[in-house]
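*Asks:* when you get a sec, could you give me coordinates for this:
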Amino acid sequence: MLRYLIQVVENLLTAGILTALLWAALDKEGGKSRKRRALWGCLAGTGGALVLAILRRTTALISRGFFNLWILSFAIVFGILYILFLWGAGQKPLGKLSFFQKRPSLAEAIPEYVCALLMGALLLYALPVIFLYPAEFVLAGQSIFSTDFLFKLIGFTLGLLAVILIAIALYKTGKGVSARFLKGLLTIALLVNICNQGIVIVQFLLARRIIPMIRWIFRLIVVAVNNNGVFLYALMGMSFLLPLIVFIAGLKKRAPGKNPAEGRKIRAAVRINRRWCVTVAAGFVFSVLALTVIKAYTQRGVELSPAEPMTLAGEEILIPIAQVEDGHLHRFAYTASDNTEVRFIVIKKNALAYGVGLDACDICGPTGYYERKNEVICRLCDVVMNISTIGFKGGCNPVPLAYSLRSGSMVIETASLENEKTRFK
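*Replies:* All right, here's what the predicted structure looks like:
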């Protein structure tokens, strides 16, 4: 229950906050065409996310990493263009082009299309994993008529409702501040998100060796990934200024109106705005508690199992096949030439293959993996590994480790572990 509550808030709140701010900014600019295009952008992003989720679930055609790379790249481009258009810096250069001089109405509509595409890209990146969570509620052999399924559904629904309510409340309070202040806040929020998206892109490129593994860049990315929540907390802190300003303005408002009826109408509007402000505050408090206290509670006491015995024969490590035949996670440790402990894990995937990898990954570092209810879990991010993919590159999977089978033993070269010892320093 708590796991899905945390993951929904963690994965969806950023998109919810930015989408709410974008809609509030559209309200300030006015025009039904702007809102209509933005709505189509949101619907297209949601529909595309649903299609991606179905393809990921039912086929092997979708590489999540590469799709996210392209989606985030487009989101960064659209975000930068929207900021330029928001402050009028992009409209003049666009209007000077001969193509748009002949089509002035199209030139005026370009910022609206950019806004719609930005909203679509934000949802297209955030929603696929949300759509996939319900598919994890029921494991093989389980029934939907179970307490476990009910608790997972409740946690998922609470997280979804919290994000939706926060987004609606932010949109409502955003209409109560000046257009210039809202533009400034939205610009900073988009820049913070662009930095976060850029880090995710660099992280993927480093993991796939598309760009060279430069040590200082790798360490910087590891620090950024391990403190990824800072970006979300920054967005919450900045957007909280909206309800704070609206709430304070409501306390100072003393306009009686031209007549008693108008006075009652003004007071009712102030009360409604205060309720939306309180809703944002309560939603943010709930989200922070979910991402800190509740998350720490769910991850409490997770200790790595001790290393199991193995045989070191010259430059080879020998592990009896019978020792790792039970389908459970087995952890081993090798002491490298500089006394660094290099951990690796072994799990039998099926009758013909084993999953063998370092007890570390390119994303979360050497935090390790543990077994919970026949699932392999990343200790840092609590992501459930697909056991069939252990031994392959990508995502939060353990870094693959080469092995061979010989005379009833699994054989691993010590040189392979020596080459990876820097990951465990």
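*Asks:* pick out the residue nearest the middle of this protein.
*Replies:* Nearest residue to the geometric centre of the chain (CA atoms, centre = their mean): Asn11, 4.0 Å.
*Asks:* element containing it?
*Replies:* Secondary structure from DSSP states H and E places Asn11 in helix 2-29.
*Asks:* buried sites along that helix?
*Replies:* When neighbours are counted by 16 or more other CB atoms under 10 Å, the buried residues of helix 2-29 are found to be 2-27. C-beta here means a position set from N, CA and C on the backbone, and glycine is covered the same way.
*Asks:* does that helix pack against any helices or strands, and if so which?
*Replies:* Using 3 or more CB pairs under 8 Å, 6 or more residues apart in numbering; DSSP states H and E, the elements in contact with helix 2-29 are helix 32-58, helix 104-132, helix 147-174, helix 179-207, helix 229-239, helix 295-298.
*Asks:* in a markdown table, list those along with mean pLDDT.
*Replies:* Shown next, in a markdown table, are these (pLDDT from 0 to 100):
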| stretch | mean pLDDT |
| --- | --- |
| helix 32-58 | 87 |
| helix 104-132 | 83 |
| helix 147-174 | 88 |
| helix 179-207 | 86 |
| helix 229-239 | 89 |
| helix 295-298 | 77 |
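*Asks:* of all those helices, which one is nearest Asp338?
*Replies:* Across the helices and strands packed on helix 2-29, Asp338 has its closest neighbour in helix 179-207 (23.5 Å, CB to CB).
*Asks:* mind listing residues that contact the helix or strand that that closest one is followed by?
*Replies:* The C-terminal neighbour of helix 179-207 among helices and strands, as given by DSSP H and E, is helix 215-226. Applying CB atoms under 8 Å, 6 or more residues apart in numbering, the contact partners of helix 215-226 are Ile199, Val202, Gln203, Leu206, Ile363, Cys364, Gly365, Leu380.
*Asks:* likewise for stretch 236-255?
*Replies:* 13, 17, 20-21, 24, 169-170, 173-174, 176-177, 181-182, 185, 188-189, 192, 263, 266, 270, 273-274, 276-278, 280-281, 284, 287-288.
*Asks:* check which residues of it are buried.
*Replies:* Using 16+ other CB under 10 Å as the test for burial, stretch 236-255 gives Met236, Met238, Ser239, Phe240, Leu242, Pro243, Ile245, Val246, Phe247, Gly250.
*Asks:* outline the domain layout of this protein.
*Replies:* Per automatic domain parsing, the structural domains of the chain span 2-298, 311-424.
*Asks:* out of the ones you listed, which comes closest to Leu304?
*Replies:* Closest among those, using CB to CB: domain 311-424, at 4.9 Å.
*Asks:* average model confidence for the closest one?
*Replies:* Mean pLDDT, computed over domain 311-424, is 85.
*Asks:* start to end distance for it?
*Replies:* 21 Å (CA to CA, to the nearest Å).
*Asks:* ok, which of the domains of the chain comes nearest Ser305?
*Replies:* Of these, nearest to Ser305 by CB to CB is domain 311-424, at 5.4 Å.
*Asks:* where do the strands sit along the stretch 301-425 of the chain?
*Replies:* Under the criterion DSSP state E, counting those that start in this stretch, the stretch 301-425 of the chain contains strands at 311-313, 316-320, 330-335, 341-348, 354-358, 369-372, 375-378, 384-385, 404-406, 409-413.
*Asks:* as JSON lines, the ones you listed with mean neighbour count and distance to Phe424 would be great.
*Replies:* Output for the strands of the stretch 301-425 of the chain, formatted as JSON lines (neighbours: other CB atoms under 10 Å; distance: least, CB to CB, whole Å):
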{"stretch": "strand 311-313", "mean neighbour count": "11", "distance to Phe424": "18"}
{"stretch": "strand 316-320", "mean neighbour count": "17", "distance to Phe424": "16"}
{"stretch": "strand 330-335", "mean neighbour count": "18", "distance to Phe424": "10"}
{"stretch": "strand 341-348", "mean neighbour count": "22", "distance to Phe424": "5"}
{"stretch": "strand 354-358", "mean neighbour count": "22", "distance to Phe424": "8"}
{"stretch": "strand 369-372", "mean neighbour count": "18", "distance to Phe424": "14"}
{"stretch": "strand 375-378", "mean neighbour count": "19", "distance to Phe424": "16"}
{"stretch": "strand 384-385", "mean neighbour count": "18", "distance to Phe424": "19"}
{"stretch": "strand 404-406", "mean neighbour count": "10", "distance to Phe424": "23"}
{"stretch": "strand 409-413", "mean neighbour count": "18", "distance to Phe424": "16"}
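*Asks:* okay if I get those strands as CSV plus distance to Leu127?
*Replies:* Formatted as CSV, those follow (distance: least, CB to CB, whole Å):
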stretch, distance to Leu127
strand 311-313, 49
strand 316-320, 42
strand 330-335, 35
strand 341-348, 31
strand 354-358, 29
strand 369-372, 26
strand 375-378, 22
strand 384-385, 19
strand 404-406, 42
strand 409-413, 40
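*Asks:* for stretch 392-404, which positions count as buried?
*Replies:* The neighbour-count check on stretch 392-404 (16+ other CB under 10 Å) flags Lys393, Gly394, Gly395, Cys396, Asn397, Pro398, Val399, Pro400, Leu401, Tyr403 as buried.
*Asks:* list the contacts of the fifth one.
*Replies:* With contact taken as CB under 8 Å, 6+ apart, Asn397 is in contact with Gly357, Cys361, Met385, Thr389, Ile390, Gly391.
*Asks:* what about Val285, neighbour count?
*Replies:* 11 (other CB atoms under 10 Å).
*Asks:* any idea how far it is from Phe156?
*Replies:* 20 Å (CB to CB, to the nearest Å).
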